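1. No sequence on hand, only this structure:
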């Protein structure tokens, strides 16, 4: 338990969280349900791809030797002895000047070593003629040219995208080993908070952090247990925390972590004998963000201010959850682009500003009103500008670092 | 019905699809279920934010006039007459040298016009003293400073992200108007295709396009009706298409759109009297991609080759679906970066290459083996290089256009 609040640099705070994070157990899910999990083990090619020599075109399979010397003046004739589509296997073995009419994806018949495309032939009663010679292997998709049986195709920790599902299907992985999503409890605290279906009395506000964090978790495929909005009552909060700890890997609270008279979270961490990883981060907003550990359980005490709350989740909770569920890459990319508006506030601490990034033109600007309690800027943002501490503000035209939080579509192709 | 297949430039093909796309009807969903829909109408501020003048700090609300002349040599004393946390409203109106102890988020009491932070005070038996003067409005979050009632907060067509959910909650939108996701039928065709739970016989392959397209749809929040993998049988396929058309807005087929002997889709579009928007696109892979319309229903005939199938979905089906569900921005961003590998194939048509984009270093390279029938490259890709038609290949160091398909996390912070 830290007695004094010593601000920790952001990168160290993240590192402490990650050092306390353990991988979730491996579970097996049907391929169709595996989207947005991470592979828990390397994906190995269970056979060559292609599995057999196949035709990449609609045409005729021939013996290349039979095409030697073909020209416009010397068209060579072939006799069609079979006709197969993809999925069929010809029982014929080609003899001299024989051909099998073959469709894209069908296996090359025995004896054949080249494919003549339909448009390179002229049909005859018996088959076709051609006017050019073919080399051995011409127009054949060769077994194993994409990958060989036993090859590492995708490393453990790969996000399961539609393309990955296609690969898993290709290699007959009908069930996929992934890591279990953590059980998360979400507790919004604050006497001022009113649920969306209750009347809004004087001095009260809507609970926006709850739906927001639930959404951030949903983006990770996690449906949290949501505890009733709770008045700032120490005993009640402590009881809820104890209850949540019975059955959750992660407890996320919003509010109550500062030093106000009704900020009970520090006292609760104390009562729970939680190991405080940090309770002050050298960042704005969200300097009071607190993360504590109880064995393998992690307690994220996010600020009650929406912008601080959002930022705390993105910086600390998200990479922790990604690590738990086995992602090999846990952090959002940070790029450097040009600021197109002045931001003249001094930064004693690292400052995070919800921002509009234009990836195409490589420019960024704050997404409007950007105080700690701002909420609209979060909605308008696809990124966060990250200004280093100890600076005196930035001017339009300066290059700044930006964390990309979301890929934004555009209006024209 | 086009008789001859005339290759259409990619942008024109996209434009034709979009011109045929109608907005889906508006439905109302609970806020908690609204993630990744698009707002169907402008989001208007239902009140000022903040709703009332409030304290941004833990401290004391005072009358600034009473602090005039305060200094280290002239500490001014205040008497605490009330104590409120966020969510509480003081019933007191401040008189001379009175103060209300106030926590972050609590409404400023009557008469007060400044907040003194706790750390700027020294406690006394009755209240506190301070050593500096405050201006009117100092340390107050002013009603409406973030936004004013009636203001347009988010335009219709905004993707509902966690931040947007926070905004909707803030303004008491417990139900949200969005556009219904289309009903999509997914039909993988090809005699060679084998479901993942069946034995793989000679000449057969797994159906990878089905799971892949299902995943691409799932990323848009759509669970398609999946029709049994179908042998290349015209009557059977036509019957399935007719059945699917009874109850779906979009029919996506994979395979059967080329000119092979068992490619029945052209004949089926004909039998259905569908209006062919195009059946040849000046692109590789996927030149045979066909899109047809039947009234407001759209039929996407994607190639059976996985890379072509994937590309066809991303280029044509995805923006169409986004437009249907009301997205104001329907296209993935295209940026220009440096190629770090030679790609020396000539491009008669626009060529799309599944690629690994490094957003941080602004480089890109093909994601390995990249023929039309490749599948692993899709899984390894986060982008597609787009090489213009009529070019003779590109060299490492050349600048190329890249469609970003996915934001990829990184390993270090």
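-> That came in fine, so what should we check first? Owing to the predicted nature of the structure, the values given are computational and were not obtained by experimental measurement.
2. what's near enough to touch the residue of the stretch 201-350 of chain A found nearest chain B?
-> Closest approach of the stretch 201-350 of chain A to chain B (CB to the nearest CB) occurs at residue A:215, with a separation of 3.0 Å. (C-beta placed from N, C-alpha, C; glycine too.) Residues near residue A:215 by CB atoms under 8 Å, 6 or more residues apart in numbering or on different chains: B:35, B:161, B:162, B:163, B:165, B:166.
3. Same list (these) but as TSV, adding pLDDT.
-> Formatted as TSV, these follow (pLDDT from 0 to 100):
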residue	pLDDT
B:35	98
B:161	98
B:162	98
B:163	98
B:165	98
B:166	98
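4. Which ones among those map onto helices?
-> Counted as lying in helices by DSSP state H, out of the contacts of residue A:215, are B:162, B:163, B:165, B:166.
5. so how many other residues sit close to the second one?
-> The reference is to residue B:163. If you count neighbours by other CB atoms under 10 Å in any protein chain shown, residue B:163 ends up with 29.
6. out of everything not next to it in sequence, what's closest to it?
-> Here the nearest residue to residue B:163 in space, its sequence neighbours aside, is residue A:378; by CB to CB, 6 or more residues apart in numbering or on different chains that works out to 3.5 Å.
7. So residue A:12: helix, strand or coil?
-> Three states are possible here, and by DSSP: H, G, I helix; E, B strand; the rest coil the one that applies to residue A:12 is helix.
8. Grab the nearest non-local neighbour of it.
-> residue A:278 (8.0 Å).
9. show me the contacts for the one you found.
-> A:2, A:8, A:12, A:13, A:16, A:289, A:290, A:291 are the contacts of residue A:278 under CB under 8 Å, 6+ apart.
10. if we go to 10 Å?
-> Residue A:278 makes contact with A:2, A:5-9, A:12-14, A:16-17, A:289-292, A:316, according to CB atoms under 10 Å, 6 or more residues apart in numbering or on different chains.
11. Can you tell me how far residue A:353 is from residue B:300?
-> Between residue A:353 and residue B:300 the distance is 41 Å, computed by CB to CB, to the nearest Å.
12. so how many other residues sit close to residue A:329?
-> If you count neighbours by other CB under 10 Å, residue A:329 ends up with 18.
13. got it, and residue A:138?
-> 14.
14. isn't residue A:293 right next to residue A:18, touching?
-> No - under the criterion of CB atoms under 10 Å, residue A:293 is not in contact with residue A:18, lying 11.9 Å apart.
15. Closest one to residue A:282 out of the ones in helices among the contacts of residue A:215, please.
-> Nearest to residue A:282 among these is residue B:163, at 24.2 Å by CB to CB.
16. Could you pull up the residues touching the closest one?
-> A:208, A:212, A:215-216, A:306-307, A:310, A:354, A:367, A:375-382, A:405-406, B:154.
17. Repeat that for residue A:226.
-> Contact analysis of residue A:226 by CB under 10 Å, 6+ apart lists A:184, A:185, A:186, A:187, A:188, A:210, A:211, A:213, A:214, B:32.
18. now do 8 Å
-> A:186, A:210, A:214.
19. List the ones among those residues that fall in strands.
-> residue A:186 (DSSP state E).
20. could I get the contacts of residue A:226 as TSV with distance to residue B:359, neighbour count and pLDDT?
-> Shown next, in TSV, are those (distance: CB to CB, whole Å; neighbours: other CB atoms under 10 Å in any protein chain shown; pLDDT from 0 to 100):
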residue	distance to residue B:359	neighbour count	pLDDT
A:186	31	25	98
A:210	32	27	97
A:214	28	25	98
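21. right, and out of the contacts of residue A:226, which lies closest to residue B:55?
-> residue A:210 (22.1 Å).
22. In what element of secondary structure is the residue lying closest to the closest one once chain neighbours are set aside found?
-> Computed as CB to CB, 6+ apart, the closest residue to residue A:210 that is not its neighbour in sequence is residue A:188, at 4.0 Å. Residue A:188 belongs to strand A:184-189 when assigned by DSSP states H and E.
23. now what about that strand, what contacts it?
-> Among residues not part of strand A:184-189, those counted as contacts by CB under 8 Å, 6+ apart are A:207, A:209-210, A:213-214, A:217, A:222, A:224-227, A:229-230, A:232, A:237, A:240-241, A:244-245, A:248-256, A:264-265, A:304, A:321.
24. PyMOL command to pick out the buried ones of the ones in helices among the contacts of residue A:215?
-> Restricted to buried positions by 16 or more other CB atoms under 10 Å in any protein chain shown, the PyMOL selection for the ones in helices among the contacts of residue A:215 reads:
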select buried, chain B and resi 162+163+165+166
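25. between the ones in helices among the contacts of residue A:215, which is nearest residue B:150?
-> residue B:166 (19.8 Å).
26. so residue A:217, which of the three states?
-> From three-state DSSP, the assignment for residue A:217 is helix.
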